[in-house]
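J.: next come a sequence and a model predicted from it.
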Amino acid sequence: MVDIYRTDQHILNTLSSYQDGCWVNVVNPTSKELAQLAEHFEIDPADLATALDDEESSRISLEDGYTLILVDIPTPEVRHEKKMYTTIPLGIILKSDVIITICREETPVLNYFVRNKVKDFSTKKKMRFIYEMMFRSAMLYQAYLRGIDKKRTEIEERVSDDTHDTDIVELHELESTLVYFATSLRANSIVLERLRRYKRLEQYPEDMELLEDVMVEYQQAIEMTTIYRDIIDGTRELLSSVIDNRLNNVMKILTSITIVMAIPTIISGIYGMNVSGNWMPLSDTPFGFYIIIGIILAICILVLWFLKKKKML
């Protein structure tokens, strides 16, 4: 899908053809659409398709007649029937008269501009537009990071009640997401550093101020990622300790039950031996069976009291 926009008097309009100062938003394009874009704007088709490859990393590439900027942006996804987050590439191609964005799916970063939610947004101010996209991306990173920490808190609150296997899997997924975020955030920060020195297009003082704000937000997102990873490590260790403690308690109870159950087993086993009844105590005594049962119960109660006193039960 290829949409063409341009701002006139701070109002975003949809165009039917390419014009100077327009923004070409390409989402999950077909090979035919990529070929048409490459031919019209004289861009290498491989550069256009770069943003569709999940394995591509953030970078800036200076080509003849245009500049390719590749960054990672956050996006929600479903893993193990749970809402999680990941990062996908966003390609930005800068030409002297147009800016092209390419992504394999619709993203809140670009939809925010499509809905004209940004104050004083202009497709003609290309560098500022890029910095505003990066700023919006940093805000999304931070919002998703807070969502990750909220999920981690919910798992931690369930530790004292009952912990399921799904909680452990979800915690692992959250930790994996933080790894993706940390890698992408650092790579994007390197791209921002290179954009600071970008001389192909003129940058105004307002653009540089916005760039500084974006770099601050990215640094804050990196610090949040580091902190949340450390906290999740602690939560994972807590889960492991709680599970081990519960297993120890179960084994302790089973051991105590085994000890108590061994008492009547041993006594009844002795009385069940194939020997003369004259040599077995209480074998000829009236109510001898009930006396033996009483003795067994008394011994079992005594053992239970001893185990309870030693906190083994």
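T.: Received it, and whenever you're ready, just let me know what you need.

J.: buried sites along the worst-scoring helix or strand of the chain on mean pLDDT?
T.: Counting by mean pLDDT, DSSP states H and E, the weakest-scoring helix or strand in the chain turns out to be strand 11-15, with a mean of 80. Residues of strand 11-15 classed as buried by neighbour count (16 or more other Cβ atoms under 10 Å): Leu12. The C-beta positions use only the backbone N, C-alpha and C, and glycine is treated the same way.

J.: after that strand, which helix or strand is next?
T.: Heading C-terminal from strand 11-15, the first helix or strand you meet, by DSSP states H and E, is strand 22-27.

J.: what helices or strands is that following strand leaning on?
T.: Helices and strands touching strand 22-27, by 3 or more Cβ pairs under 8 Å, 6 or more residues apart in numbering; DSSP states H and E, are strand 2-8, helix 31-41, strand 98-103, helix 108-114.

J.: that strand pairs with which strands, parallel or anti?
T.: On the basis of DSSP bridges, the sheet neighbours of strand 22-27 come out as strand 2-8 (antiparallel), strand 98-103 (parallel).

J.: that one vs helix 31-41, what angle?
T.: 160 degrees (axes from the mean of the first three to the mean of the last three Cα atoms, to 10 degrees).

J.: ok, residues contacting strand 22-27?
T.: 1-6, 15, 18, 33, 37, 48, 98-106, 110, 113-114, 123, 129 (Cβ atoms under 8 Å, 6 or more residues apart in numbering).

J.: let me know the pLDDT of Val202.
T.: For residue 202 the amino acid is Glu, not Val. Note for Glu202: predicted pLDDT of 67.

J.: correction: Ala138
T.: Value for Ala138, per-residue pLDDT: 91.

J.: ok, now which ones touch Thr177?
T.: The contact partners of Thr177, by Cβ under 8 Å, 6+ apart, come to 84-86, 148.

J.: so for it, what's the pLDDT?
T.: What the model reports as pLDDT for Thr177 is 87.

J.: surely it forms part of a helix?
T.: Yes: according to DSSP: H, G, I helix; E, B strand; the rest coil, Thr177 belongs to a helix.

J.: please tell me how far it sits from Asp149.
T.: Thr177 sits 11 Å away from Asp149, going by Cβ to Cβ, to the nearest Å.
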